[in-house]
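[1] sequence unavailable; structure follows:
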């Protein structure tokens, strides 16, 4: 699975679990951190954890395992690092505070038409 396919699959999983404000940002031309960031938020700490758990579970079913996970104890922001794709699942207040959307505004917004419908 390519990095783009993984990012879109992650967005689809998040959407199916009722994540809000899902974005995929291509950052490969502006950072060595990853090729794509997937950013979404949940409605509560419980929802944030459920979203992250669902992504991890669904991707594991495809034999795709994360390199690293951070934030499960916090629940305000959980990061799932899949190498070329980093998935950020936020509580709304944490997303507004860290404002990754603004920090990575020079990245390419991936069109999610047909994925989030």
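    Thanks, I have the structure now. Keep in mind it's a predicted model, so treat the numbers as computed, not measured. Residues are numbered from 1 along each chain as shown.

[2] show me the contacts for the nearest residue to residue 100 once chain neighbours are set aside.
    Counting by C-beta to C-beta, 6 or more residues apart in numbering, residue 100 lies nearest to residue 39, which is 5.6 Å off, once chain neighbours are set aside. C-beta coordinates here come from the backbone N, C-alpha and C atoms, glycine included. By C-beta atoms under 8 Å, 6 or more residues apart in numbering, residue 39 lies in contact with 21-25, 88, 90, 95, 100-101.

[3] and of those residues, the nearest to residue 48?
    Taking C-beta to C-beta as the measure, residue 48 lies nearest residue 90 of the contacts of residue 39, at 6.8 Å.

[4] which SSE is residue 22 in?
    Secondary-structure element containing residue 22, defined by DSSP states H and E: strand 20-26.

[5] in its sheet, what does that strand sit against?
    Sheet pairing of strand 20-26 (DSSP bridges) gives strand 36-42 (antiparallel), strand 108-109 (antiparallel).
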